[in-house]
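J.: For reference, the sequence and a predicted model appear below.
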Amino acid sequence: MATNLFDDFESESKPHFEGEFLDFNSKLNNPSDFPDSNLNRSFANRSTDYAQKSHFGENSMFHPDFDKEQILERERQNKVVAKMIPDLNQNRIDKIVLNSNDFLAAYWSTDYEGKIKVKGDSYHKYRSSLEQTVYFQIDVNESVPLNTSIKFKLYDSDKLFSFTINPDDSTFNDKEVVIDAVVRNVNQAKRITLKLYLDPHWSKDIAADKRGIFKNGSVELYWKWDYNKVPWSSEKDVQLNVYPSEKKLHLKPVIPGDYSLPEIYSQTGEIILFAIDRLPSGEIKSFVSIKLRVTTQFKTLEDSNKFFKEVFTERINLETNNVEAAGYQVEELNHYFKVKDNATQIYIEEETLKLDVPKGSKTAVYNNINKTIKFAQEITGSEILDHLEVFNELRNFFPELSYNNKVNLPSLSTLVGVIPGAQVLAFGLSMVEWIVKDQMEEDQKVIDKSFWLQWQNSKKNGLDQVLNFIETDWARKNLFTRVNISQVILDSLLKGKFDSLVELIDAANNEDGEKKYFVITYNIFYPELETFTDVVDSIHLNP
Amino acid sequence: MLISCAKKTYIKEVVENKKVYITYREIFNDKFYNLNIPIQFNLNLNSSKILRIMPYYETNGHQMTIVEDYIIINGENNKEIYGFDTFQPYHYPKTIYVVERKRKVSQNEVLDLIKKYNPSASIANLETKNDTIFLTSYSKYRKDNPKFLEDMRKQPDSLILSMWFGGEDKRLEKVKINW
C-alpha cells in the first residue's frame, strides 16, 4: 500500500533498476513536466491527467475512480502520512487517511526492550537474516487499554509496484505465523512487543522470491492486525527485509526433532553419545554419556543383517560434578533386514528391525544414530526409503531419560566438561531441526556414489580411515575439512558460538591449549540462494 | 587457434623475493624454532564468479591441517587468512603465501642461519610467537641450499583449491610445488 506513490515507487524501483528508468522525483521537482496539474482545473481533469501521465494508467491512485476526498486530502497535505496507518486493502489508497490513532508508530529491534533498532542498508530501512531473532515494537496510544490482547499475522510483501493485484503471502514454509500479544506498560507508555525468530526454513520462501522477476532474494515482512474493527498493517514503512542466514557453521543434529547430539568418535571409531535429562522446569536432572560401539560394518545388505552394540553409560550429578553411577553392559541386538517385493515400509520392533527393501538393492548404509537406512542404488528423490526414528529404542539406551517420557535437549558431554544448566539450554535450539532436511537432501545426492556409505564406515573404523577419506577428491569437492581444536574451543563450538568455519579456525589458531579433538566439517551448497553452510559432521578424539 | 579450449589456470607457483624467516613456536607440550619458507602462489580467481573456495595443502602426499601445520598469508597485506570465505567473489587475493609451521630447526641451526644471513639479529629476540627474524629471500635461499631442495623434491607437495562455481559446478585445481 502506498503512503506516497512517488516515494514508494522510488524506493521500490531503486534496487531493481540501474539508472533513471522512471524518475518521478525530477518530475515532481520540475512542475513543467506536469503543466496542467494545478488546482485551477477540475478535479476530474487533474486526476485523469495524473493517472495518464503515471506509469499505472487507470490503476493509478490519481484515477478519478478512486476516492476524491482522499486525493484532495493528499494534495492538501502534500506529505508522507503517518508511520503506520490503517490498512483498508480494498480501496488501496486509504493509507493517506488516518481514521484511528490507536497505534502511533512501530519499528523493529534486536532486543526485547527495543533499545537497539534493526539496522538497514541503502535500500531497506530494516534488514536482517534468517536465524536471527527480532522484535516488532509498536507504540500504542493511551486509548487502548493495558493487557488488551491482539492477534498479529505475518505477511510477505510481494509488491514491486504499489498496485500489484496479487495478494501478499501469509505463509512461511507453508505455515502461517500468528502471534497473540498484549499491550504492556513500558516507562508509563503503552507498547506491544512481538518476538519473531526468523526461521531458517523460510529460505524456501526466499528462494521462491529470488526466482521472481525484479526480486532480490529476500522476504519482506510486515504485520496485519485488527483492532476495534479497524484493519491495520505495518507494510512499507516498517517492513523488514530478511535475507538468507549469515550463520555458516552448524552442528549436525543427529536425530530430527528436539534431540541433538553431535557424533563424537574415539580414536578407534567408537561413537560416544551424550545426553542430558532435563526436568520440565528446565532443571537438569542427570547427565548421561553412552559409548556405543558398532562391531559389525555394513558392506552389503547381507552383511548388515546383524550387528552388535556395546553400551556404556555413566551418570553424573551436575550439582556435585561427581560420577554417581557407572555401568557397563553389552547389548546384543539383532536387526534383521528382509527383502520383499513391492516394499514400501521400514519398521523396527523393540529388538528386531524388519525392513522391506526393493529388489535389486545391493548396498545399504545403516546410520546407527539416525536409525535410518538408505540404499546406495536406486536412490532418486521420492524413491528413497525413508526412515523411522526410533526414539523408543534410543530411550532404552538410557532409561533415566524416560522419566518425563521425553528425550531431552541437547547434549553436551564430559568431553566438554560439565557445564551449568543454563548454558546447556542456550545451546542448540536454533541448530537442531532445520538442517536435518537439507542434510537428508544432501545425503540423497551423494549416496548414489556410495561415498556417503564409505564415509559413515570410515568413521567407525577409526582415525586413519577418517583421515584418508577426507583426502579423497570427492571429500575435497564437498569441502570436507579438518580443524584441530582444544577443550575450550570445543566447548564454544558446541554452544554454537562460531558463525563460520573461518571463525572457528581463527579461534583455534589463537588458542594454545592442547588440541585434544578434531572436528570434521563438510559443506552444503544452496544453489538457489548461491549460498552455503558448513556442517560439523563429527568430532574425534585426537591421539 | 585453440584459445577457446585452453584450460584456465587458477593457481601458479612463483619464486620471488619474499624473505625466509625464523619464528619461535610454543604449542602444547612443545617449543621449537620454525623455519618459515613462504611459497608464493599467484591466483587468478577473479575473472569468473566463484562462490566458494577451500584451500588444501599436502606435504609428502598427506593433507595438512590449516593453522596446525601451515598457514596462508594474504600477499596483498601480509595478514594470515583462515580461508577464502571472508572475500566476496571477484575480490579474492591475487597472491598468497603458504608457510609450513612444523619445519623445526635446532638452536644451533638457527644460530648458523642468523650468522649467515642476518648477523645483527639475536636469537634472544625470539621469545614469543610474534617474534620474527628475517633471513634472506626465498630465491637466494634456494641457491644457497641445494640439499634442502633435493630433500623437498623426494615427495610431492601441493596446493589444492576446491572451487564452487554455483549449481553443480565444483572443481579441484591442484598445483605441485616446484622445489
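T.: Good, I have the coordinates.
J.: switch to C-alpha atoms for all contacts and neighbour counts from now on
T.: Noted.
J.: Need the contact partners of stretch A:243-251.
T.: With contact meaning Cα atoms under 8 Å, 6 or more residues apart in numbering or on different chains, stretch A:243-251 is reached by A:127-132, A:200, A:203, A:206, A:217-219, A:262, A:431-432, A:494, A:496, A:498-501, A:529, A:532-537.
J.: Apply 7 Å and report the result again.
T.: Residues from elsewhere that reach stretch A:243-251 (Cα atoms under 7 Å, 6 or more residues apart in numbering or on different chains): A:128-131, A:200, A:203, A:217-219, A:262, A:431, A:498-501, A:532-537.
J.: what do you get for stretch A:145-162?
T.: A:1-2, A:9, A:12, A:168-170, A:177-184, A:219-225.
J.: Restricted to strands, list these.
T.: For the contacts of stretch A:145-162, the ones inside strands are A:178-182, A:184, A:219-225, with DSSP state E as the criterion.
J.: Please spell out the PyMOL selection for the buried subset of those.
T.: To isolate the buried subset of these in PyMOL, counting by 16 or more other Cα atoms under 10 Å in any protein chain shown, use the following:
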select buried, chain A and resi 178+179+181+182+184+219+220+221+222+223+224+225
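J.: Just the closest of the ones in strands among the contacts of stretch A:145-162 to B:Met64, please.
T.: Distance to B:Met64, by Cα to Cα, is smallest for A:Val219 among the ones in strands among the contacts of stretch A:145-162, at 41.4 Å.
J.: can I assume that closest one is in contact with A:Ala208?
T.: No - between A:Val219 and A:Ala208 there is no contact under Cα atoms under 7 Å: 9.4 Å.
J.: shaky segments in the chain?
T.: By default, I'm working from chain A. Within chain A, the stretches with pLDDT under 70 are A:1-100, A:159-167, A:211-216, A:236, A:252-264, A:266-453, A:456-457, A:460, A:494-495.
J.: other chain: chain B
T.: In the predicted model, chain B carries pLDDT under 70 at residues B:1-7.
J.: all strands in it, in order from the N-terminus.
T.: With DSSP E as the criterion, chain B has strands spanning B:11-14, B:19-27, B:30-36, B:39-43, B:52-59, B:62-63, B:70-74, B:79-81, B:95-100, B:104-105, B:132-137, B:158-164, B:170-176.
J.: what's the closest of these to A:Ala475?
T.: That would be strand B:158-164 among the strands of chain B, by Cα to Cα, at 9.9 Å.
J.: and for the closest one, what are the contacting residues?
T.: Outside strand B:158-164, the residues that reach it (Cα under 7 Å, 6+ apart) are A:476-477, A:479, B:50-59, B:170-177.
J.: the inter-axis angle of the helix or strand hosting A:Ser538 versus strand B:52-59?
T.: Assessed by DSSP states H and E, A:Ser538 sits inside strand A:531-541. Counting by axes from the mean of the first three to the mean of the last three Cα atoms, to 10 degrees, strand A:531-541 points 40 degrees away from the direction of strand B:52-59.
J.: List the strands paired with strand A:531-541, with their directions.
T.: Neighbouring strands of strand A:531-541 in its sheet, by DSSP bridges, are strand A:249-251 (parallel), strand A:263-265 (parallel), strand A:517-526 (antiparallel).
J.: The closest residue to chain B within the stretch 351-500 of chain A and A:Glu503: what is the separation?
T.: Nearest residue of the stretch 351-500 of chain A to chain B (Cα to the nearest Cα) works out as A:Lys477 at 5.9 Å. Relative to A:Glu503, A:Lys477 is positioned 21 Å away (Cα to Cα, to the nearest Å).
J.: swap in B:Lys8?
T.: 31 Å.
J.: Filter the contacts of stretch A:243-251 down to just the buried residues.
T.: Counted by 16+ other Cα under 10 Å, the contacts of stretch A:243-251 give A:128-131, A:200, A:203, A:217-219, A:262, A:431, A:498-501, A:532-537 as buried.
J.: residues touching the most centrally placed residue in chain B, list them.
T.: Nearest residue to the geometric centre of chain B (Cα atoms, centre = their mean): B:Val98, 1.3 Å. Neighbouring residues of B:Val98 by Cα under 7 Å, 6+ apart: B:Pro38, B:Ile39, B:Gln40, B:Tyr70, B:Ile71, B:Ile72, B:Ile73.
J.: I'd like the distance from stretch B:38-58 to the chain centre, please.
T.: Centroid separation for stretch B:38-58 versus its chain: 12 Å, with Cα atoms, centre = their mean, to the nearest Å.
J.: now stretch B:95-103
T.: 3 Å.
J.: Flag every buried residue along it.
T.: Within stretch B:95-103, the residues that count as buried by 16+ other Cα under 10 Å are B:Thr95, B:Ile96, B:Tyr97, B:Val98, B:Val99, B:Glu100, B:Arg101.
J.: quick one, the lengthiest helix in chain B and strand B:132-137 angle?
T.: Using DSSP state H to define each element, chain B has its longest helix at helix B:107-117. In terms of direction (the same axes, to 10 degrees), helix B:107-117 departs from strand B:132-137 by 60 degrees.
J.: what comes into contact with helix B:107-117?
T.: With Cα under 7 Å, 6+ apart as the test, helix B:107-117 has contacts from B:Ala121, B:Ile123, B:Leu135, B:Thr136.
J.: Which pair in the residues you listed has the greatest spatial separation?
T.: The widest separation within the contacts of helix B:107-117 (Cα to Cα) is 15.9 Å, between B:Ile123 and B:Thr136.
J.: about what we covered before: what subset of the contacts of strand B:158-164 is buried?
T.: In the contacts of strand B:158-164, burial by neighbour count holds for A:476-477, A:479, B:50-59, B:170-172, B:174-175, B:177, counting by 16+ other Cα under 10 Å.
J.: Quick check: beta-bridge partners of the closest residue to A:Ala508 other than its chain neighbours?
T.: Nearest non-adjacent residue to A:Ala508, counting by Cα to Cα, 6 or more residues apart in numbering or on different chains: A:Ile485, 5.6 Å away. In this entry, A:Ile485 is beta-bridged to A:Tyr517, by DSSP bridges.
J.: Compute the number of surrounding residues for A:Ile485.
T.: Other residues within reach of A:Ile485, judged by other Cα atoms under 10 Å in any protein chain shown, total 27.
J.: Hmm, A:Gly513 and it touching each other?
T.: No - taking contacts as Cα under 7 Å, A:Ile485 lies outside contact range of A:Gly513: 8.2 Å.
J.: Backbone torsions only: list them for residue 118.
T.: No chain in the question, so chain A it is. Backbone torsions of A:Val118, given as degrees, to the nearest 10, read phi -60, psi 130.
J.: let's do chain B instead
T.: phi -150, psi 70.
J.: Burial check on it, number of neighbours?
T.: 15.
J.: quick one: buried residues of stretch B:61-79?
T.: B:Gln63, B:Met64, B:Thr65, B:Ile66, B:Val67, B:Glu68, B:Tyr70, B:Ile71, B:Ile72, B:Ile73, B:Asn74, B:Gly75.
J.: residue contacts, the third one?
T.: The contact partners of B:Thr65, taken as Cα under 7 Å, 6+ apart, are A:Arg482, A:Val483.
J.: Would you tell me whether stretch B:20-27 gets close to chain A?
T.: Yes - using Cα under 7 Å from any Cα of the partner chain, stretch B:20-27 reaches chain A at B:Ile27.
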